[in-house]
Each structure stands twice: as structure tokens, then as C-alpha cells.
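Engineer: sequence-free structure coming up:
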């Protein structure tokens with residue numbers, strides 16, 4: 001299934017994060033101008049509850065798949081940007097992102113996940129090479145570095161878990 005939105009649909013999209021080929025490090029991410037929209041802005045935008053989230057997922061050596069969530073809310077900094085995501089639809093196979101529902105955002109310097117692994121300082125962001133909403137790490141691992149931790153994958157993706165690229169879209 002092709003993931004480009006139908007131009008006739010009355011939706012507005014904002015790209016939250018593009019990730020291609022599981023870039024190897026922060027320097028390479030900057031060089032490729034990859035970015036994260038930011039949790040403060042996400043919280044401000046989604047607090048009304050009117051926003052949806054869409055993942056466009058390209059499996060290694062295959063076509064595009066998508067996963068949409070009709071409810072996507074990111075709480076504020078005082079709640080460590082806790083995630084609320086509900087109502088999956090799409091052709092990506094298993095609903096992998098809901099595994100992280102209710103989790104707080106974890107970064108290298110702010111460990112909010114329940115995972116225990118001493119070599120990685122009990123921190124999924126350290127293990128995977130990037131911050132995200134982690135629950136004992138991730139089934140939806142779209143903000144990781146290929147070859148590290150949970151790798152760059154969507155668990156249960158039709159035809160195989162490994163991703164070539166992903167995009168996260170906020171839409172209303």
C-alpha cells in the first residue's frame with residue numbers, strides 16, 4: 001500500500017520525524033537534517049486530543065505500510081511527556097506502538113522507562129541510541145540506530161520486522 005495521503009482528503013499533516021536507513025549516529029543525523037519536532041510542541045498541539053498519529057513504514061526490500069492512531073496525546077513536561085495512544089488501524093500488521101502506551105519519554109539523561117540492563121545503565125535510550133517512549137524498550141523501534149538495541153523495526157510488520165525507513169506524521 002502506498003502511504004502518501006490522498007490529496008482529496010481534508011487533512012493537514014505535520015512531519016514529526018523522518019528516519020531513513022536507521023542513521024548511525026547523531027552527526028550523521030544532523031548531516032541528513034533529520035529532526036524531532038519536540039516534546040514541548042507535541043504536548044501543546046495534542047493536549048486538545050484532536051490529533052491523530054500516522055506512521056509510514058518501509059520494510060527492507062519491500063513497499064510501504066502504515067499505522068494510524070485516532071487518538072494521540074503527549075502530556076506535558078511535568079508528566080515526563082507521557083504518551084496516550086489509542087485506536088489503531090492500518091496495514092502494518094500488529095499494533096506495535098500501543099505497547100508503549102502510558103510510557104513517559106526517555107532520553108540519555110532522563111531515564112523514565114522500567115527496563116533493567118546494567119551495561120546500558122538501565123536506559124532504553126542508551127541501548128537503542130535515541131530517545132522515545134519506552135516500555136522495557138520497544139516493539140515500535142522507529143527512533144533507534146540500525147544494529148543497536150532493538151534495531152530499527154516495527155514488531156509484527158507484515159512480511160518481516162526490519163525497517164528501511166519510517167516517518168511519523170501528526171494530523172488533524
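Structural biologist: That came through, no problem. Please read these numbers as outputs of a predicted model, since none were measured by experiment.
Engineer: hey, let's count contacts and neighbours off CA atoms from now on
Structural biologist: Noted.
Engineer: Listing request: residues of this protein with sub-threshold pLDDT.
Structural biologist: Across the chain, the ranges flagged by pLDDT under 70 are 1-13, 18-35, 49, 149-150.
Engineer: Can you tell me the centre-most residue of it?
Structural biologist: By Cα atoms, centre = their mean, the chain has its centre lying nearest to residue 142, at 4.8 Å.
Engineer: Now do the contacts for the residue nearest to that residue when sequence neighbours are not counted.
Structural biologist: Using Cα to Cα, 6 or more residues apart in numbering and skipping residues adjacent in sequence, the residue nearest residue 142 is residue 152, 5.7 Å away. By Cα atoms under 8 Å, 6 or more residues apart in numbering, the residues touching residue 152 are 22, 141-146, 162-164.
Engineer: In CSV, list those along with secondary structure and distance to residue 117.
Structural biologist: Listed next are the contacts of residue 152 as CSV, based on DSSP: H, G, I helix; E, B strand; the rest coil; distance: Cα to Cα, whole Å:
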residue, secondary structure, distance to residue 117
22, coil, 23
141, strand, 17
142, coil, 20
143, coil, 19
144, coil, 17
145, coil, 18
146, coil, 19
162, strand, 23
163, strand, 25
164, strand, 27
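Engineer: ok, the residue nearest to residue 76 when sequence neighbours are not counted - contacts?
Structural biologist: Excluding its sequence neighbours, the residue lying closest to residue 76 (Cα to Cα, 6+ apart) is residue 43, at 5.5 Å. Counting by Cα under 8 Å, 6+ apart, residue 43 touches 73-76, 81.
Engineer: quick check, nearest of those residues to residue 134?
Structural biologist: Checking those against residue 134 with Cα to Cα, the nearest one is residue 81 at 11.7 Å.
Engineer: you'd agree the closest one is up against residue 105?
Structural biologist: Yes. Using Cα atoms under 8 Å, residue 81 makes contact with residue 105 at a distance of 5.6 Å.
Engineer: Give me the buried positions along the longest helix seen in the chain.
Structural biologist: Across the chain, the longest stretch assigned as helix under DSSP state H is helix 39-46. For helix 39-46, the neighbour count (16 or more other Cα atoms under 10 Å) marks 39, 42-43, 46 as buried.
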